[in-house]
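Novice: Need coordinates for the following:
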Amino acid sequence: MQYRPDRLAHELRSEISVIVAREVKDPRVGFATITKVRVSPDLRYARVFVSVFGSLEQQKASLAALHRAGGFIRRQLSGRLKLRHCPDLQFDLDDSMEYGAKMDGLLAEVRQEFQATTPPQVDETIPEVPPHEAGNEAVDENDPTSSEERSDI
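Specialist: A predicted model of the protein is given here:
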């Protein structure tokens, strides 16, 4: 179980998010969101996954700006976190949002094709019969009321 790398990854994610949002002054960073951080078992390296809102060119420019600001971010982290060694940061694009949107689109297409090819189904459920028309009522033996009380109702 890798408990410490997971804890450190969580702390790094929150601190890097704050640093990128408030302290990195490069306008190329844009709308970058830190989505996930993975830390190596020896706590020396950290992969920081970044989701950037914008076109592919804007995403590449934001990633380049984050690579360039990596030393600044690492220095800020070393002052905030009590570690012997601040991990080396590697920034990567997180395309999980795009992948999820693509899968949603594919599922919507399949759903439309399925509805277009299948005939409308007839509702074959048995209609519920009101209790007074049923005639034979089931008697619950665990019912605390006696049979005389039930006949009065």
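Novice: just the helices in the chain please.
Specialist: Per DSSP state H, the chain carries helices over the ranges 3-22, 56-68, 70-80, 96-117, 131-134, 147-152.
Novice: looking at this protein, which helix or strand does the model trust least?
Specialist: Least confident element among the helices and strands of the chain, by mean pLDDT, DSSP states H and E: helix 147-152 (a mean of 54).
Novice: sorry, back to before: among the helices of the chain, which is nearest D88?
Specialist: helix 70-80 (7.5 Å; CB to CB). In this view, the C-beta of every residue, glycine as well, is placed from N, C-alpha and C.
Novice: Between helix 3-22 and the closest one, find me the angle.
Specialist: Relative orientation of helix 70-80 and helix 3-22, computed by axes from the mean of the first three to the mean of the last three CA atoms, to 10 degrees: 120 degrees.
Novice: Taking helix 56-68 as reference, get the angle to helix 70-80.
Specialist: 50 degrees.
Novice: where's helix 70-80 relative to the chain centroid, distance-wise?
Specialist: 27 Å (CA atoms, centre = their mean, to the nearest Å).
Novice: How about stretch 51-61?
Specialist: For stretch 51-61, the distance to the chain centre is 21 Å (CA atoms, centre = their mean).
Novice: Equivalent analysis for stretch 28-44, please.
Specialist: Distance, stretch centre to chain centre, for stretch 28-44: 16 Å (CA atoms, centre = their mean).
Novice: got the buried residues for it?
Specialist: R28, V29, A32, I34, V37, R38, V39, L43 (16 or more other CB atoms under 10 Å).
Novice: residues contacting L83?
Specialist: L83 sits next to L8, L43 when contact means CB atoms under 8 Å, 6 or more residues apart in numbering.
Novice: can you do 10 Å?
Specialist: Counting by CB atoms under 10 Å, 6 or more residues apart in numbering, L83 makes contact with L8, E11, L12, L43, L77.
Novice: hang on, the first one packs against V39?
Specialist: Yes: in this structure, L8 sits in contact with V39. The criterion is CB atoms under 10 Å, and the distance is 5.1 Å.
Novice: quick one: contacts for G30?
Specialist: Residues near G30 by CB under 10 Å, 6+ apart: V52, F53, G54, Q58, Q59, A61, S62, A65.
Novice: Tell me how many other residues crowd the first one.
Specialist: For V52, the number of neighbouring residues by other CB atoms under 10 Å comes to 22.
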